[in-house]
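Participant: test case, fold it:
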Amino acid sequence: MKPLTSIRTTLLLSITLILLAFLIAAMVGLYLYQKEVLTRHAIREATEISRVMKMGLKRQMLARDPELLQGAVNEIINSANVAATFIIDAAGVVKFSSQPGQVGEKFNRDDEQCRVCHADPQRQTSLTVRTADAAGNAILRTVTPINNEAACRECHPESQRILGFLFVDYFTRETDSLIAAMLGRLFLTALITLLLISLVILYLTNRWLHEPIQLLVEGAHAIKKGHYDKQIAFEGQTEFRVLADAFNEMAKGVRENIKELNSKSFELAALYAIVKKVSETIYLEDLKAIVIDLLLEILSVDRCIVITPTIDDDLYEVIEKESGKEHRKSLIKLSDRKDLFPLHDRHVAEPFAQWAAGEANAPVLATDALSAYAPLTIRAHRLGLVIIERKAGRPLDAEGFRLFCAVKEHLAVAFENARLYTLAITDELTRLFTVRYFQSQLDVEISRYLRTGQKCSILMMDLDRFKTVNDRYGHPAGDQVLKVIGAIIKDSLRDIDIPCRYGGEEFAVILPGASEKSGRIVAERVRANLEKNEIVLESGARIAVTISIGGASCPENGMAVKETVAAADQALYAAKQAGRNSVVWQK
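Facilitator: Predicted coordinates for the structure are as follows:
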């Protein structure tokens with residue numbers, strides 16, 4: 001970038017040069033005028049003195065005494081500033097002179113000294129001109145004609161109109177000194193005037209031009225460096241005040257735009273992170289934990305709660321987490337008031353009550369801005385309720401709530417996808433996983449063993465003499481029994497175990513990381529829990545149901561799905577042959 005020239009310097013230099021030109025023109029004109037005035041004054045003075053001298057010499061001439069006349073001529077040069085005086089006759093011959101050596105000289109009209117007068121026929125009879133003497137000194141020469149008057153005609157013929165001329169030369173030193181002094185004073189005056197005016201212009205340009213421009217430049221540099229809160233304070237009602245106000249408005253607009261861009265950028269980054277994270281799983285339970293962790297981090301809240309409905313319209317699952325703590329799970333049954341104790345907090349109880357009643361359809365920010373909630377809904381289907389909360393003194397701002405609202409739509413889609421996937425892999429009656437899901441997950445566990453060496457086991461289970469239940473109590477009662485048995489099996493397993501309904505009255509369980517020993521323990525726990533629980537039918541009848549279980553392990557009994565399932569089936573057949581209500585592990 002080329003170096004910038006200060007507008008103050010440029011303006012000051014331009015004005016100074018223009019002012020200097022005008023001052024020079026004015027001073028030259030004044031000098032010429034004063035010089036002309038002084039010169040005219042000197043000429044008038046010299047002319048007057050010459051007239052007086054002429055009258056005095058005229059009396060001497062009439063006395064007809066040449067020596068007396070020569071003495072008078074000699075006396076004249078004793079006057080101040082008189083350099084020389086002489087008289088010539090009509091023929092141009094010097095008759096009397098203050099310089100004896102000049103007597104007898106003859107002046108010719110063609111001489112340089114004479115052309116001053118004789119070159120112009122309009123010259124007056126008495127003339128004073130500025131010229132130089134023989135030595136080169138500047139003089140004023142006054143030429144006065146001596147006319148042939150009546151008193152002179154006694155000696156001169158009447159026909160001779162002019163008898164001669166009186167020449168008086170005056171030194172111009174005094175006049176020249178005055179002119180030189182005047183020139184010096186004019187120059188000094190011009191210089192001082194120029195300096196003072198330049199200082200005034202410098203002050204004015206600095207006060208009313210440079211300083212405002214400097215403020216604007218500093219403001220622009222501040223904006224360039226990212227200080228978008230920069231404001232320019234300018235007094236006065238000039239155009240710079242309008243420009244400063246416009247700059248402040250521009251800075252405010254830039255600040256708001258940058259803030260909005262940063263907010264949008266953060267919002268997009270947050271949405272991207274959320275979409276990326278929630279797309280990593282399709283399982284609803286994992287999704288809820290991921291959502292809580294993301295909201296705690298991105299929205300910087302202190303507490304997050306996710307409430308989802310269950311297959312029981314009166315039962316809701318609650319997962320909550322406070323910053324720095326672990327996830328907590330609980331179930332809330334609306335019909336039992338004592339189950340509502342986790343929701344005594346008004347930030348949770350009020351939104352939950354409205355959502356459970358179907359009255360909450362849009363995100364809401366609490367009046368104290370310490371909490372907000374958003375219902376997750378797809379096509380009028382209630383998927384869940386998300387509640388965020390901050391501690392006192394840390395209210396949620398508008399940007400945070402806007403981001404929460406934007407996140408809500410993506411979460412609703414993720415929850416709906418997880419819900420649909422859960423429906424696809426879940427047996428409608430027992431709420432256990434389907435046989436297809438069993439096969440796919442077993443393949444995953446076997447592949448994990450091949451990668452990491454982590455073992456797994458499976459259990460194949462079949463209810464003993466279940467056909468008699470259907471035959472005696474009917475298929476609805478049989479379905480009720482299967483539903484209860486599914487719940488007992490699920491309650492007997494670890495969280496990581498995968499219970500499935502294999503078909504009819506058959507069940508299967510995948511035990512990730514379980515060896516034969518630990519698998520036998522789980523199988524025996526399932527068998528024992530089922531044996532000790534009587535099932536009460538809707539008719540009031542009580543029935544006891546037992547189960548036979550066959551187990552197999554990977555890699556001991558196979559390293560493929562079909563091999564491992566076939567081994568567990570053989571063990572199940574052996575349990576049946578051994579008298580039922582037993583656990584057999586494939587050797």
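Participant: alpha carbons only for contacts and neighbour counts from here, please
Facilitator: OK.
Participant: the longest helix anywhere in the chain - contacts with which helices or strands?
Facilitator: In the chain, taking DSSP state H as the definition, the longest helix is helix 7-62. Helix 7-62 sits against helix 66-76, strand 127-132, strand 138-147, strand 162-171, helix 173-205, with contacts defined as 3 or more C-alpha pairs under 8 Å, 6 or more residues apart in numbering; DSSP states H and E.
Participant: for it, what is the average pLDDT?
Facilitator: For helix 7-62, the mean pLDDT works out to 75.
Participant: angle of that helix against strand 138-147?
Facilitator: 40 degrees (axes from the mean of the first three to the mean of the last three C-alpha atoms, to 10 degrees).
Participant: burial measure for the closest residue to Pro145 other than its chain neighbours, as a count.
Facilitator: Nearest non-adjacent residue to Pro145, counting by C-alpha to C-alpha, 6 or more residues apart in numbering: Phe165, 4.3 Å away. Phe165 is flanked by 22 other residues according to other C-alpha atoms under 10 Å.
Participant: returning to what we had before: got the helices and strands packed on helix 7-62 as JSON lines, with distance to Glu350 and mean pLDDT columns?
Facilitator: Shown next, in JSON lines, are these (distance: least, C-alpha to C-alpha, whole Å; pLDDT from 0 to 100):
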{"stretch": "helix 66-76", "distance to Glu350": "131", "mean pLDDT": "73"}
{"stretch": "strand 127-132", "distance to Glu350": "117", "mean pLDDT": "76"}
{"stretch": "strand 138-147", "distance to Glu350": "118", "mean pLDDT": "80"}
{"stretch": "strand 162-171", "distance to Glu350": "120", "mean pLDDT": "80"}
{"stretch": "helix 173-205", "distance to Glu350": "68", "mean pLDDT": "83"}
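Participant: so can I have TSV of those showing distance to Asp491?
Facilitator: Below are the helices and strands packed on helix 7-62 laid out as TSV (distance: least, C-alpha to C-alpha, whole Å):
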stretch	distance to Asp491
helix 66-76	152
strand 127-132	137
strand 138-147	137
strand 162-171	140
helix 173-205	89
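Participant: and those: which comes nearest Glu249?
Facilitator: helix 173-205 (25.7 Å; C-alpha to C-alpha).
Participant: now the closest one against helix 7-62, angle please.
Facilitator: 160 degrees.
Participant: right, and the helix or strand after helix 173-205?
Facilitator: helix 211-224 (DSSP states H and E).
Participant: mind picking out the helix or strand in this structure with the poorest mean pLDDT?
Facilitator: Least confident helix or strand of the chain, by mean pLDDT, DSSP states H and E, is helix 112-118 with a mean of 64.
Participant: remind me which residues of the stretch 451-587 of the chain are low pLDDT?
Facilitator: The stretch 451-587 of the chain contains no residues with pLDDT under 70.
Participant: in it, which spans are helices?
Facilitator: 466-473, 475-491, 516-532, 561-577 (DSSP state H, counting those that start in this stretch).
Participant: deepest in the core, which of those helices is it.
Facilitator: helix 561-577 (a mean of 20; mean count of other C-alpha atoms under 10 Å).
Participant: domains of the protein?
Facilitator: 7-178, 279-425, 435-585 (automatic domain parsing).
Participant: now do the longest one: distance to the chain's middle.
Facilitator: Right, the one you point to is domain 7-178. 83 Å (C-alpha atoms, centre = their mean, to the nearest Å).
Participant: how about the residue in the chain that sits furthest from its center?
Facilitator: Glu154 (112.1 Å; C-alpha atoms, centre = their mean).
Participant: and it, how far from Asn148?
Facilitator: 10 Å (C-alpha to C-alpha, to the nearest Å).
Participant: which stretch among the domains of the chain comes nearest Val242?
Facilitator: The nearest among those, by C-alpha to C-alpha, is domain 7-178 at 19.6 Å.
Participant: just name the most buried of the domains of the chain.
Facilitator: Greatest burial across these, using mean count of other C-alpha under 10 Å, falls to domain 435-585, with a mean of 19.
Participant: span of that domain from start to end?
Facilitator: End-to-end distance (C-alpha to C-alpha), domain 435-585: 21 Å.
Participant: could you do stretch 580-587 as well?
Facilitator: OK, stretch 580-587 end separation, C-alpha to C-alpha: 18 Å.
Participant: quick one on the thing from earlier: pretty sure the residue nearest to Pro145 sits against Val93.
Facilitator: No: applying C-alpha atoms under 8 Å, one finds Phe165 not in contact with Val93, separated by 10.1 Å.
Participant: make TSV out of the domains of the chain and add distance to Thr193.
Facilitator: Formatted as TSV, the domains of the chain follow (distance: least, C-alpha to C-alpha, whole Å):
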stretch	distance to Thr193
domain 7-178	9
domain 279-425	64
domain 435-585	98
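Participant: for Ala220, find the nearest of these.
Facilitator: Proximity to Ala220, assessed across those by C-alpha to C-alpha, is greatest for domain 7-178 (17.0 Å).
Participant: put the alpha carbons of stretch 453-467 into CSV.
Facilitator: The C-alpha coordinates for stretch 453-467 follow below in CSV (Å, rounded to 0.1, in the frame of the first residue of the first chain):
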residue,chain,number,x,y,z
GLY,A,453,-11.3,-61.8,21.7
GLN,A,454,-14.3,-61.0,23.9
LYS,A,455,-16.4,-64.1,24.4
CYS,A,456,-20.2,-64.2,24.4
SER,A,457,-22.9,-66.8,25.3
ILE,A,458,-26.5,-67.4,24.3
LEU,A,459,-29.5,-68.9,26.1
MET,A,460,-32.3,-70.7,24.2
MET,A,461,-35.4,-71.1,26.4
ASP,A,462,-38.7,-72.9,26.0
LEU,A,463,-41.7,-72.8,28.3
ASP,A,464,-42.6,-76.2,29.7
ARG,A,465,-46.0,-77.6,28.7
PHE,A,466,-47.3,-74.2,27.6
LYS,A,467,-49.8,-75.7,25.2
